[in-house]
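[1] next one to model:
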Amino acid sequence: MCGRTRIAHCAGFAELDGGAQQTYAGSISISAQGPHTVAFWSVDNAGNTEAPKTLAVNIDTIAPVVTTTPAVVAA
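    Sure thing, here's the model as predicted:
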């Protein structure tokens, strides 16, 4: 995006899960459980828009649960 490519006059944009376009301002907050897709791209001062790139993110805040059954040993 703009900062990484060192283009002097451009704007970065992002969408979360196909939602509304938002101007990229340094971070994107994702808190909902489950899989998400972030799309991001930039537009330079001349109006040239790069092809969107995507990133798959999975939020998993549920701790795993492990259960066991004791083995029965015949005597």
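[2] per-residue confidence for Gly47?
    Note on Gly47: pLDDT of 89.
[3] apologies, that question was intended for Ile62.
    Ile62 is given a pLDDT of 93.
[4] what's it sitting at in phi/psi?
    phi -90, psi 120 (degrees, to the nearest 10).
[5] measure it to Ala74 for me?
    From Ile62 across to Ala74, the span is 38 Å (Cβ to Cβ, to the nearest Å). Using the backbone N, CA and C atoms, a C-beta is placed for each residue, glycine as well.
[6] could you list the low-confidence segments of this structure?
    1-9 (pLDDT under 70).
[7] what's the local residue count around Ala14?
    20 (other Cβ atoms under 10 Å).
[8] which one is it nearest to, not counting chain neighbours?
    Counting by Cβ to Cβ, 6 or more residues apart in numbering, Ala14 lies nearest to Phe40, which is 4.5 Å off, once chain neighbours are set aside.
[9] surely the one you found meets Ala51?
    No. If you go by Cβ atoms under 8 Å, Phe40 and Ala51 don't touch, sitting 10.8 Å apart.
[10] neighbour-wise, which of these two wins?
    Using other Cβ under 10 Å as the criterion, Phe40 and Ala51 rank with Phe40 on top: 17 against 5.
[11] what's near enough to touch the more buried one?
    1, 12-15, 24, 52-55 (Cβ atoms under 8 Å, 6 or more residues apart in numbering).
[12] now Val65
    By Cβ under 8 Å, 6+ apart, Val65 has no neighbours at all.
[13] secondary structure class of it, three-state.
    Classification of Val65 by DSSP: H, G, I helix; E, B strand; the rest coil places it in coil.
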